[in-house]
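In: Here's my sequence, what's the structure:
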Amino acid sequence: MAALEAAIDLWLTIDIALVRSKSLVLADLLIDQVRRQSEGFGLELASPEDPATRGSQVSFRHPNAYGIVRALAEVGVVGDHRPPDIARFGLTPLYTRYVDMWDAAEKLSEVLRQRTYLAPRFAVKSGVP
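Out: Take a look at the predicted model:
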């Protein structure tokens, strides 16, 4: 119960407009960097282009999205897979840093460039996508 009270106290002090603003900047930064660093690897933005219609997540479409998400988890980038072909990345503006978007895009580019997502261990479906 103490943790819940602490969380509520925190949210009472936060300007939600600032949180949303940071969320938009984080998403735009991730999209921009992924496009710059991963062009030609078959990724397609699945999230709306218009920031006003996006939530605090960014999704990309790729035929091997499951393996990509698993390979990224191995290098410290947390995302989730949504069948059949979506790799989704949630952005938590309260503690996600701008540099985290750069790092995630760079690691995604490496996974795509090196094709590590094709390793057999990343094809095995786990209980949690």
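
In: all contacts plus neighbour counts: C-alpha atoms, from now on.
Out: Noted.

In: Look at the spatially most central residue of the chain and give its secondary structure.
Out: Residue closest to the average C-alpha location in the chain (CA atoms, centre = their mean): residue 89, at 2.1 Å. Here residue 89 takes the strand state, with states given by DSSP: H, G, I helix; E, B strand; the rest coil.

In: The spatially closest residue to residue 59 that is not a sequence neighbour and residue 3, how far apart?
Out: Distances taken as CA to CA, 6 or more residues apart in numbering place residue 88 nearest to residue 59, at 4.2 Å, with adjacent residues excluded. Distance, residue 88 to residue 3, using CA to CA, to the nearest Å: 28 Å.

In: Which of the two has more residues huddled nearby?
Out: residue 88 (20 against 8; other CA atoms under 10 Å).

In: so what pLDDT did that one get?
Out: Note on residue 88: pLDDT of 98.

In: which residues touch it?
Out: For residue 88, the contact set (CA atoms under 8 Å, 6 or more residues apart in numbering) comprises 57-60, 79-82.

In: Save those as CSV, and put in neighbour count and pLDDT too.
Out: Below are the contacts of residue 88 laid out as CSV (neighbours: other CA atoms under 10 Å; pLDDT from 0 to 100):
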residue, neighbour count, pLDDT
57, 17, 96
58, 22, 98
59, 23, 98
60, 19, 99
79, 22, 97
80, 21, 96
81, 22, 96
82, 14, 96
